[in-house]
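# What follows is a predicted structure for the sequence shown.
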Amino acid sequence: IDARRFLESYAGVFDIIYSDPPYELGLVDEITLRVHNVMGEGSLFILQCSKREKPSESVIEKLRVIKEKDYGDTLLIFFEKA
């Protein structure tokens, strides 16, 4: 199932969400915005992305960054709902 379609149609919320969209395809902002819609109070969203393709500021402002960890070219960003 395509994660984008699933997130668009899902009506519930998740407590923990981990996303690792393919690098360098321009999906980071789109997936992050869709995940925001299925987060509830206290939900944790972990995004794995390339350091060269971090979410844009306009997307990040909808969430609160808790922590960032980098591993070479890979970045893990931990978010909670703002």
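Structure's in. What do you need? Predicted model only: the values in this text are computed from it and were never measured. Numbering: from 1, shown residues only.

# so residue 70, which of the three states?
With DSSP: H, G, I helix; E, B strand; the rest coil as the basis, residue 70 sits in strand.

# please renumber so the chain begins at 32
Noted, 32 is the first residue going forward, which turns the last one into residue 101.

# That one against residue 82, yeah?
Yes: Residue 101 is within contact range of residue 82, at 6.4 Å (criterion: CB atoms under 8 Å). Any C-beta I mention is one placed from the backbone N, CA and C, and that applies to glycine too.

# So for the two, which sits in the more crowded spot?
Applying other CB atoms under 10 Å to residue 101 and residue 82 shows that residue 82 carries more neighbours, namely 13 against 10.

# what's the neighbour count on residue 35?
13.

# Let me fix that, I meant to ask about residue 96.
As a measure of burial, residue 96 has 13 neighbours, counting by other CB under 10 Å.

# Now do the contacts for residue 80.
Shown in contact with residue 80 (CB atoms under 8 Å, 6 or more residues apart in numbering): 51, 52, 54, 59, 86, 105, 106, 108.

# Do I have it right that residue 55 meets residue 82?
No: Residue 55 lies out of contact with residue 82 (CB under 8 Å); the separation is 11.4 Å.

# Let's check: the centremost residue of this structure is which one?
The chain has residue 63 as the residue nearest its centroid, 3.7 Å off, counting by CA atoms, centre = their mean.
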